[in-house]
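> one predicted model, sequence on top.
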Protein chains: 2
Amino acid sequence: MVSRLPLYLRALKQLLTDGLDVASSQSLGRRLHMTPAQIRKDLGYFGRFGKQGRGYDIPYLINELEQILGLNQEWPVALVGVGRLGRAILGYPGFNPEGFSIRAAFDSSPSVVGQNLGGIEVQSIKNMEDILRNEGIRIAVVAVPAAQTQAVIDQLVNAGVQAILNYSPTSPQAPREVKVRNVDPVMALQSMTYFLRSVPVPPR
Amino acid sequence: MVSRLPLYLRALKQLLTDGLDVASSQSLGRRLHMTPAQIRKDLGYFGRFGKQGRGYDIPYLINELEQILGLNQEWPVALVGVGRLGRAILGYPGFNPEGFSIRAAFDSSPSVVGQNLGGIEVQSIKNMEDILRNEGIRIAVVAVPAAQTQAVIDQLVNAGVQAILNYSPTSPQAPREVKVRNVDPVMALQSMTYFLRSVPVPPR
DNA sequence: CGTTGTGAACGGCTTCACAGCT
DNA sequence: AGCTGTGAAGCCGTTCACAACG
């Protein structure tokens, strides 16, 4: 499935910097806690990248996966919401090396509009739709309070944004053709406490 | 499935503050983009909480879900890694109201150890295992660089931690009985670009 | 009547297992 | 000998559909 391809890509890049140049589905599977068959099926859906008896050539497969995922280009991204969380996202160095570049930041508060944060001038959300259209930005990261999330997403959709990464603890509505992914650390914690309840306290 | 229970809980709390006191699987399903059958099956796995012809009593169901998820108590949490990301996590106000309280923070860098951040004194990672054991902390949030993640997780497991929320872009290994969840915004973005490739650029 | 709870049917993802290639 | 690619089988989560109930 597509959502596992970035996982493979990351593992392969790691193996490459470790100095390897071939990986088998078995070695990848051990690394990622998956069955080798799963990995072969996933890759087989997109092409025949392996060599029987040997495995997958790592640089070649990295390149193929980047093509498939559209990561052979840099994607301009807009950030909406420059509060505490938004600023942390602006400062996070992990997006750029993976094909994303935050090119615009928006907020509704006059106290941050106009500020220059990490080389980006925060702009008023009122001008957002025009700017997104002019810049041809198709991806947005949303880090606004829950109460404003739906309105912001409606605006983004209206401006032609097709992929949204939402950090607020909500289940926003968007047309089917617009992809939305939620980043929700609280829910991740809450789904683990269930298991802690049914397990003894660790020995001291 | 258990991982959807926090989603229901959140939606129910929202409905409650909106002034409602009963919800049907259908109304919940609309809100969360899910089939009513899915919701009834999920809830039915844990008990019979509904009333035929009416639906689910919201305050009652909230309470039941909190019991099931173990959220009727406050969970002490440790944070490991107090860099830029770690500081943002320390300052994030969203954990406390949902049953989690960051009680300790650790880092390896002498330049941050000893600092008081948001009422918590950053401690040396060398003392981490003892402190976690003494405090009975079973949940940890890991925000250290990728290269150190596995070592940190090994230490946490060693100290009896049973649930780990990992912010670094890695696939760390842990014993089966230790739950690990990854927060990975980059992978979320990368799995969306695949769809952008196969879709026309939005009209300007 | 509206809605739950649930067995049965369905569908899709995962694993198996092996032929075929290197 | 080692490993891929892939049909077939198996499994598990989702949806259907309806009896039961307020």
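The structure has been received and is ready for your questions. Everything numeric in this text was worked out from a predicted model, so none of it was measured. Residues are numbered from 1 along each chain as shown, chains lettered A, B, ... in the order given.
> when you work out contacts or count neighbours from here on, use the C-alpha atoms and nothing else.
Will do.
> who's in contact with the most centrally placed residue in chain A?
A centroid search over chain A (C-alpha atoms, centre = their mean) returns A:L165, at 7.0 Å, as the residue closest to the centre. Taking C-alpha atoms under 8 Å, 6 or more residues apart in numbering or on different chains as the definition of contact, the neighbours of A:L165 are A:139-142, A:180-183, B:185, B:188-189.
> now those residues in CSV, with distance to DNA strand D?
Rendered in CSV, the data for those read as follows (distance: C-alpha to the nearest atom of the strand, whole Å):
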residue, distance to DNA strand D
A:I139, 27
A:A140, 27
A:V141, 26
A:V142, 26
A:V180, 17
A:R181, 16
A:N182, 17
A:V183, 18
B:P185, 22
B:A188, 19
B:L189, 22
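> buried ones among the residues you listed?
Burial of the contacts of A:L165 was assessed by neighbour count (16 or more other C-alpha atoms under 10 Å in any protein chain shown); the buried members are A:139-142, A:180-183, B:185, B:188-189.
> pick out the most distant pair among the contacts of A:L165.
Farthest pair in these (C-alpha to C-alpha) is A:I139 and A:V183. Separation: 15.0 Å.
> what's the following helix or strand after the lengthiest strand in chain A?
As far as residue count goes, and with DSSP state E defining each element, the longest strand of chain A is strand A:100-107. In the C-terminal direction, the helix or strand that comes right after strand A:100-107 (DSSP states H and E) is strand A:116-117.
> for the closest residue to A:G50 other than its chain neighbours, list each beta-bridge partner.
In space, and not counting its chain neighbours, A:G50 is closest to A:Y56: 4.5 Å by C-alpha to C-alpha, 6 or more residues apart in numbering or on different chains. Using DSSP bridges, the bridge partners assigned to A:Y56 are A:A23, A:G50.
> how is chain A carved up into domains?
A:2-69, A:75-187 (automatic domain parsing).
> out of those, which is the most enclosed?
By mean neighbour count, with neighbours taken as mean count of other C-alpha atoms under 10 Å in any protein chain shown, domain A:75-187 ranks first of those at a mean of 18.
> that domain: end-to-end distance?
Distance between the boundary residues of domain A:75-187 (C-alpha to C-alpha, to the nearest Å) amounts to 28 Å.
> then stretch A:168-179?
Stretch A:168-179 has an end-to-end distance of 16 Å (C-alpha to C-alpha).
> next one: stretch A:156-167
15 Å.
> any idea how far it is from the chain center?
13 Å (C-alpha atoms, centre = their mean, to the nearest Å).
> for it, what is the average pLDDT?
Model confidence over stretch A:156-167, given as mean pLDDT, is 98.
> before we move on, the earlier item: CSV please, covering the buried ones among the contacts of A:L165 and showing distance to DNA strand C, pLDDT and secondary structure.
What follows is the buried ones among the contacts of A:L165, written out as CSV (distance: C-alpha to the nearest atom of the strand, whole Å; pLDDT from 0 to 100; DSSP: H, G, I helix; E, B strand; the rest coil):
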residue, distance to DNA strand C, pLDDT, secondary structure
A:I139, 24, 98, strand
A:A140, 26, 98, strand
A:V141, 26, 98, strand
A:V142, 27, 98, strand
A:V180, 17, 97, strand
A:R181, 17, 97, strand
A:N182, 19, 97, strand
A:V183, 20, 97, coil
B:P185, 20, 98, helix
B:A188, 16, 98, helix
B:L189, 19, 98, helix
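> ok, so of these, who is nearest B:Q52?
A:N182 (33.1 Å).
> the residue nearest to the closest one when sequence neighbours are not counted: what's it in contact with?
Distances taken as C-alpha to C-alpha, 6+ apart put A:N166 closest to A:N182, at 4.8 Å, once the chain neighbours are dropped. Residues counted as contacts of A:N166 (C-alpha under 8 Å, 6+ apart) are A:141-143, A:180-183.
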